[in-house]
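Undergrad: What follows is a predicted structure for the sequence shown.
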Amino acid sequence: MKVNFGAIVEYIPYLLGGILVTLEIAIAAALLGSLLALIFSLLSRKKGILQSAIKVFIDFFRGTPLLFQLAFFHFGIPQITGIIPTPYISALVVFSLNSSAYLAEILRAGIESIDKGQIEAAHALGVKSWDISFSIIIPQALRNVLPAIMNEFITLVKETSVVSMISLTDIMRRQQIVSAATYRFFEPLLVIGIIYLVMNIVLSNIGKILERKLKYD
Amino acid sequence: MIKLENVSKKFHDTVVLKNVNIEFEPEKTYAIIGSSGAGKSTLLRCINLLEKPSTGKVIVDGVDLTKDKAQLNPIREKIGMVFQNFNLFAHMSAKKNVMFALLKVKKMSQEEAEIEAVKQLTNVGLAHRLDNYPHQLSGGEKQRVAIARALAMHPKAILFDEPTSALDPEMTQEVLKVIKALNHTGMTNIIVTHEIKFAQEVADIIIFMNNAEILEVTNTKEFFEKPKTDRAKEFLSNMI
């Protein structure tokens, strides 16, 4: 079979439409995941039950495949609870929790990279712990781990492709539909490959701009 | 105003402070000297509870800091501290470093804090360095920013933890000059230092420590002329 893009031209807008679905999940999960990660990394600075619980949570989400997590949440758990979530809710929950686990680890490393002397100096000035966290630790930690965070966001955009399994019509799912309709694989796959690539190049450039903005040395 | 009662500090099984009793009188300058590992820095760090004593009381302005957690920040506000490694906030300019606690602790307005910061930095000879970040400053300049940061809070006492140990001789002199200028300006100055000559020059009282204990608390003149303990005699003879 010859390569013939003419055969799929009419489907290109449909494939491009998947960008919105993919971005919607990726952005929502990135925001929710970051918020959770921030809370986790701050809470786990103090030893205790909370720290252990967060560690178990992180181990679970880093230690099992994303595909499994999505299947478990969308098909496994409803068997027990009887509540069947919409694919969108399942995707959002699983991706948020999954990226929060990775981001919490990244943030923890960032927080540990801050020199303890600065924290002592702030304590010695009578500054409250809250202000130390938000004005001294987090700004420097974020800047130190920004490349790792952007990496995680790029991974997130790519991994959203597994939502096709729970029949969300993201970019990947749309390719399958187009391939089924046209009996062509090479062309639609090439198109969605380019779509993913362009999205992530844009994302990584945003990261570079942010890095430059946050630079102080 | 500052009083340590029976303060001991252990790290695991190592005793770093053994039953320390001392009272610091207002507006005097104290130099804490002694060999490395004698517990000088730990003693200093117990005053503002950066190090929590294992037993004993730390009483500042009548408040026992080891008991009254709510009073800790208000008391710390009144006790400045300058560290060996400067500990400037790396992501803030010199001016912002000084302004930070004025905004967050003293709740000053942006303008008030800026005026105070510029004033303090000018006093330590850094009017031309206001917008520089710590990594752009020399060691001596960093330490002077740190001193300005402490002074901006108008503390009643200021703790210096080996303020010149990380500096070369030239920078040491520029920092010592600034510290010396603070002598008898209304604050209690407590200086942990290895600069024995400097201690002799500025201190009213010498606190000599050895092996986790205070061996002597003596007027400076007397300490250098005829120290009471043999260990102090030995220490001084090794200095020359």
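TA: Thanks, I have it.
Undergrad: What's opposite residue B:160 in the beta bridge?
TA: residue B:82, residue B:191 (DSSP bridges).
Undergrad: Would you confirm that it contacts residue B:188?
TA: No - judged on C-beta atoms under 8 Å, residue B:160 makes no contact with residue B:188 at a distance of 11.4 Å. (C-beta placed from N, C-alpha, C; glycine too.)
Undergrad: More neighbours: which of the two?
TA: More crowded of residue B:160 and residue B:188, by other C-beta atoms under 10 Å in any protein chain shown: residue B:160, with 26 against 19.
Undergrad: ok, the helix or strand where residue B:214 lies: who's next to it in the sheet?
TA: Using DSSP states H and E, residue B:214 maps to strand B:213-219. Strand B:213-219 has the following sheet partners, assigned by DSSP bridges: strand B:205-210 (antiparallel).
Undergrad: So which bits of the strand it pairs with are buried?
TA: B:205, B:206, B:207, B:208, B:209, B:210 (16 or more other C-beta atoms under 10 Å in any protein chain shown).
Undergrad: Ok, stretch A:167-184 next?
TA: For stretch A:167-184, a neighbour-count test (16+ other C-beta under 10 Å) marks A:168, A:169, A:170, A:171, A:172, A:173, A:174, A:175, A:177, A:178, A:179, A:184 as buried.
Undergrad: Check the offset of it from the chain's centre.
TA: Stretch A:167-184 has its C-alpha centroid displaced from the chain centroid by 23 Å (C-alpha atoms, centre = their mean, to the nearest Å).
Undergrad: Over that stretch, what's the mean pLDDT, rounded is fine.
TA: For stretch A:167-184, mean pLDDT rounds to 92.
Undergrad: now do stretch A:93-107
TA: The average pLDDT within stretch A:93-107 is 95.
Undergrad: Next, the contact list for the spatially most central residue of chain A, please.
TA: For chain A, the residue nearest the mean C-alpha position is residue A:156 (3.7 Å; C-alpha atoms, centre = their mean). By C-beta atoms under 8 Å, 6 or more residues apart in numbering or on different chains, residue A:156 lies in contact with A:26, A:29, A:30, A:33, A:95, A:99.
Undergrad: Return the two entries of these that lie farthest from one another.
TA: Using C-beta to C-beta, the pair of the contacts of residue A:156 lying farthest apart is A:26 and A:33, separated by 10.0 Å.
Undergrad: hang on, residue B:4 packs against residue B:19?
TA: No - checked against C-beta under 8 Å, the pair residue B:4 and residue B:19 is beyond contact range at 10.0 Å.
Undergrad: got any residues that touch both of these two?
TA: What both residue B:4 and residue B:19 touch, as defined by C-beta under 8 Å, 6+ apart, is the set residue B:56.
Undergrad: more crowded one of the two?
TA: More crowded of residue B:4 and residue B:19, by other C-beta under 10 Å: residue B:4, with 21 against 14.
Undergrad: sorry, back to before: give me the common contacts of residue A:26 and residue A:33.
TA: Shared contacts of residue A:26 and residue A:33, defined by C-beta under 8 Å, 6+ apart, are found at A:95, A:156.
Undergrad: Flag every buried residue along the helix ranked longest in chain A.
TA: Longest helix in chain A, counting residues (DSSP state H): helix A:12-43. Within helix A:12-43, the residues scored as buried using 16+ other C-beta under 10 Å are A:14-15, A:18-19, A:21-26, A:29-30, A:32-34, A:36-38, A:40-42.
Undergrad: Might you report the residue contacts of residue A:111?
TA: So residue A:111 contacts A:41, A:45, A:137, A:138, A:141 (C-beta under 8 Å, 6+ apart).
Undergrad: Now do the closest residue to residue A:166 other than its chain neighbours against chain B, distance only.
TA: Setting aside the residues directly before and after it, residue A:166 is nearest to residue A:87 in space (C-beta to C-beta, 6 or more residues apart in numbering or on different chains), at 4.4 Å. Taking C-beta to the nearest C-beta, to the nearest Å as the measure, residue A:87 falls 42 Å from chain B.
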